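Student: let's see this in three dimensions:
(2 chains)
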Amino acid sequence: MTINEITTGKSHEVTIIPVEASDYKTITKKRYFFDWKQEKEFEIYKLCILSSNDILGLVSFEKIPSEWRIHIRLLTVSIENKGKNKKFDNIAGNLIAHVAKIAIIEYAELACVSLRPKTEIAQHYIKKYNFIATGMTLSIEIPEIINLIHQYHD
Amino acid sequence: MTNKNEHNTHLDSEYGVDSRYASHEEYQSEATALMEARLQRMKGLSNSQVVQAKLLQLKFQMQEFIKQPVNEAKSYFSMFLQQYIDTLYAKRAVFAKDIGITPVQLSQVINNHRAPQDDFILKLMIHSERMYKGVSPFPEALWYQVYFHEKLCNLMATQQQWQSTLAKEVSVSEPSVRYGKRKK
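Tutor: Numbering: from 1, shown residues only, chains lettered A, B, ... in the order given. The predicted structure is shown next:
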């Protein structure tokens, strides 16, 4: 799992691990766009460069076993990684691939990861990650989910 | 031609997504439609895609297991072995033949009546390397890591049973002879 530093082209190894109670002091709405404290009852993972504590991206999700699906609730990168002046690339991709990996662990061939972005950004997820639209919901399943994992995690 | 607004949206779209459902009704109606569409798509899955997904699941489960803290006595090695064989073979006896052991020997390992010998794990390692080719890189040491991690888990989980007996047979005399009394 790596992210790319845009100015230098250097790739950095990253870890994606569950958010700890002590992290809530630093994951502010100002830097991470959403009120992450509201997500405490769900699973939240953070992405950091290996051997650094600085959180560069966050994802919260809900497992829905009856549908063999994991629904991504919130996904974000830190403010300095947003837009054309962003410092690192591939943060969101790594986070989505991590959720995809958990979906495979849980549901194997039935695995599905879903998202429900606003209409104007849905196309981005369809083009970049091969999500399929069903109404307002986007989903990625076998075989695309495996390709996504290979792209970011293998 | 790319619309300028569309281009800007793409540049900013990865700042994040809020895809929380506004209400249970909204979730329910979208979940039903999604499930119907998925069931249709699942019909098109090939057997090889199903096997690929199951092999990937097994590899990830094994990798997660060896990261877990050591505190539970459970037979993970044989559980993963069963999962591996049943994903790939209709009959376990055929797998036994493929790795040059008898069905009885395989059954004993699966049912925890016999510990897997080095020869068994090494053959399993070679077999897995071949089966995972084209699916996902399979770490060579993974079966061994699972085996030893399970052994460690079992030892630590049963510490109370063996420690008091063995502690009576262990004494520490050499350090005090060699180093004398500790300085304050």
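Student: near chain A, which residues of chain B?
Tutor: For chain B, the residues in contact with chain A (Cβ under 8 Å from any Cβ of the partner chain) are B:9-21, B:30-31, B:33-35, B:37-38, B:41-42, B:45, B:49-50, B:52-54, B:56-57, B:60-61, B:64, B:136-137. For every residue, glycine as well, the C-beta is placed using N, CA and C.
Student: for residue 30, give me its contacts.
Tutor: Just going to use chain A. A:Ile79 (Cβ atoms under 8 Å, 6 or more residues apart in numbering or on different chains).
Student: actually it's chain B I care about, not the one you picked
Tutor: Contact partners of B:Glu30, counting by Cβ under 8 Å, 6+ apart, are A:116, A:134-137, B:21.
Student: of the residues of chain B next to chain A, just the buried ones, ChimeraX syntax please.
Tutor: To isolate the buried members of these in ChimeraX, using 16 or more other Cβ atoms under 10 Å in any protein chain shown:
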select /B:10,12,13,14,15,16,17,19,20,21,30,31,34,35,37,38,45,50,52,53,54,56,57,60,61,136
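Student: for B:Ser75, what are its contacts?
Tutor: Neighbouring residues of B:Ser75 by Cβ under 8 Å, 6+ apart: B:112, B:150.
Student: before we move on, the earlier item: mark which of the contacts of B:Glu30 are buried, thanks.
Tutor: For the contacts of B:Glu30, a burial check counting by 16+ other Cβ under 10 Å picks out A:116, A:134, A:136-137, B:21.
Student: could I get the pLDDT score of the residue nearest in space to the middle of chain B?
Tutor: Taking Cα atoms, centre = their mean, the centroid of chain B lies closest to B:Met62, which sits 1.5 Å from it. Looking at B:Met62, its pLDDT is 97.
Student: after the lowest-mean-pLDDT helix or strand in chain B, which helix or strand is next?
Tutor: Among the helical and strand segments of chain B, the one scoring lowest on mean pLDDT, DSSP states H and E is helix B:4-12, with a mean of 45. Per DSSP states H and E, the first helix or strand lying C-terminal to helix B:4-12 is strand B:16-18.
Student: any idea how many residues pack against residue 142?
Tutor: No chain specified, so I'll use chain A. Residues near A:Ile142, counting by other Cβ atoms under 10 Å in any protein chain shown, number 24.
Student: um, chain B though
Tutor: So B:Leu142, with other Cβ under 10 Å, has 20 neighbours.
Student: how about the residue lying closest to it once chain neighbours are set aside, what does it touch?
Tutor: Nearest residue to B:Leu142, sequence neighbours excluded (Cβ to Cβ, 6 or more residues apart in numbering or on different chains): B:Met62, at 5.5 Å. With contact taken as Cβ under 8 Å, 6+ apart, B:Met62 is in contact with B:80, B:142-143, B:145-146.
Student: again, 7 Å this time
Tutor: B:Met62 is in contact with B:80, B:142, B:146, counting by Cβ atoms under 7 Å, 6 or more residues apart in numbering or on different chains.
Student: which members of those are positioned in strands?
Tutor: Of these, none are assigned to strands by DSSP state E.
Student: tell me the one among the residues you listed nearest to A:Ala21.
Tutor: Nearest to A:Ala21 among those is B:Val146, at 30.8 Å by Cβ to Cβ.
Student: for that closest one, give its distance to B:Lys123.
Tutor: With the distance defined as Cβ to Cβ, to the nearest Å, B:Val146 ends up 15 Å from B:Lys123.
Student: ditto for B:Leu58
Tutor: Taken as Cβ to Cβ, the span from B:Leu58 to B:Lys123 is 17 Å.
Student: the two: which has the busier surroundings?
Tutor: For the pair B:Leu58 and B:Lys123, the greater number of neighbours falls to B:Leu58 (22 against 17), based on other Cβ under 10 Å.
Student: quick revisit: does the residue nearest to B:Leu142 sit in a helix or strand, and which one?
Tutor: With DSSP H and E as criterion, B:Met62 is part of helix B:47-65.
Student: contacting residues for B:Leu81?
Tutor: B:Leu81 neighbours (Cβ under 7 Å, 6+ apart): B:109-110.
Student: the helices in chain A, which residues?
Tutor: In chain A, the helices defined using DSSP state H lie at A:29-32, A:91-107, A:119-129, A:144-153.
Student: pick the most buried one from the ones you listed.
Tutor: Greatest average neighbour count among the helices of chain A goes to helix A:91-107 (a mean of 23), per mean count of other Cβ atoms under 10 Å in any protein chain shown.
Student: contacting residues around that one?
Tutor: The contact list for helix A:91-107 (Cβ under 7 Å, 6+ apart) reads A:1, A:3, A:14, A:16, A:45, A:47, A:56-57, A:59, A:61, A:63, A:68, A:70, A:72, A:75, A:77, A:81, A:111-113, A:129, A:140, A:145, A:148-149, A:151-153, B:14, B:53, B:56-57, B:60-61, B:64.
Student: between helix A:119-129 and it, find me the angle.
Tutor: Angle, helix A:91-107 to helix A:119-129, by axes from the mean of the first three to the mean of the last three Cα atoms, to 10 degrees: 70 degrees.
Student: CA atoms of helix A:91-107 as CSV?
Tutor: C-alpha atoms of helix A:91-107 as CSV (Å, rounded to 0.1, in the frame of the first residue of the first chain):
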residue,chain,number,x,y,z
ILE,A,91,-5.3,8.3,-0.4
ALA,A,92,-9.0,7.7,-1.2
GLY,A,93,-8.1,4.8,-3.5
ASN,A,94,-6.2,3.1,-0.8
LEU,A,95,-9.0,3.6,1.7
ILE,A,96,-11.7,2.2,-0.7
ALA,A,97,-9.4,-0.8,-1.5
HIS,A,98,-9.0,-1.4,2.2
VAL,A,99,-12.8,-1.5,2.7
ALA,A,100,-13.0,-3.8,-0.4
LYS,A,101,-10.4,-6.1,1.3
ILE,A,102,-12.6,-6.3,4.4
ALA,A,103,-15.6,-7.1,2.3
ILE,A,104,-13.7,-10.0,0.7
ILE,A,105,-12.7,-11.3,4.1
GLU,A,106,-16.3,-11.2,5.2
TYR,A,107,-18.3,-12.2,2.2
